[in-house]
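Chemist: Build me a structure from this.
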Amino acid sequence: MSTLQSIHDVPLLMCASEGEAIGSERDALDLIGDAGYQGAHWVVVPAERFDEEFFRLRTRVAGDIIQKFVNYRMGLVILGDVSRHIEASPALRDFVRECNRGRQTWFLADVEELQERLKSQ
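Modeler: Take a look at the predicted model:
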């Protein structure tokens, strides 16, 4: 279940915490298609919806999923606490830092942080 919301006039597809795990390019394409159909510019997905493999960079799951969002010019927000994954992987910590410097993919703790980021868009 997902809903279209707007923050600072930016349309967002907000995905529910419950639902199938997101762990493949096909899953990403489904989200992108749904978001595009509803007119969203960003897809906001709770971190717990991602398959554990997403947080293991060597599997390339994160890279494959994020690349789909880049290809379709759709923003992706991974929303929630990813600290346990970051603590286990210096490479993931660096990846998250780099993503958060950009304008395409963000790892954010909560909706308040998302509101702040979108305010400056």
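
Chemist: What is the longest helix of the chain by residue count?
Modeler: helix 25-38 (DSSP state H).

Chemist: Going by contacts, tell me the helices and strands next to that helix.
Modeler: Taking 3 or more C-beta pairs under 8 Å, 6 or more residues apart in numbering; DSSP states H and E as contact, the helices and strands that helix 25-38 lies on are strand 2-7, strand 10-15, strand 42-46, helix 61-71. In short, each C-beta sits where N, CA and C put it, glycine included.

Chemist: Kindly recompute the last result at 6 Å.
Modeler: helix 61-71 (3 or more C-beta pairs under 6 Å, 6 or more residues apart in numbering; DSSP states H and E).

Chemist: I'd like the next helix or strand past the helix it packs on.
Modeler: Beyond helix 61-71 in the direction of the C-terminus, DSSP states H and E gives the next helix or strand as strand 75-79.

Chemist: pLDDT of the helix or strand following that following strand, averaged?
Modeler: Using DSSP H and E, the helix or strand that follows strand 75-79 in sequence is helix 83-88. Mean per-residue pLDDT for helix 83-88: 96.

Chemist: Same question for stretch 63-76.
Modeler: In this model, stretch 63-76 has an average pLDDT of 97.

Chemist: ok, now stretch 46-54?
Modeler: For stretch 46-54, the mean confidence score works out to 97.

Chemist: Off-centre distance for it?
Modeler: Relative to the mean C-alpha coordinate of its chain, stretch 46-54 is positioned 10 Å out (C-alpha atoms, centre = their mean, to the nearest Å).

Chemist: For the longest helix of the chain, buried residues please.
Modeler: Across helix 25-38, burial judged by 16 or more other C-beta atoms under 10 Å covers 27-28, 31-32, 35.

Chemist: Looking at those, spot the one nearest residue 94.
Modeler: The shortest separation between residue 94 and any of the buried residues of helix 25-38 is 22.0 Å, and it belongs to residue 28 (by C-beta to C-beta).

Chemist: which residues touch stretch 76-85?
Modeler: With contacts defined as C-beta atoms under 6 Å, 6 or more residues apart in numbering, stretch 76-85 is touched by 42-44, 46-47, 55, 69, 92, 105-108.

Chemist: Just flag the most distant two among those.
Modeler: Farthest-apart pair in the contacts of stretch 76-85 is 42 and 92; separation 21.6 Å (C-beta to C-beta).
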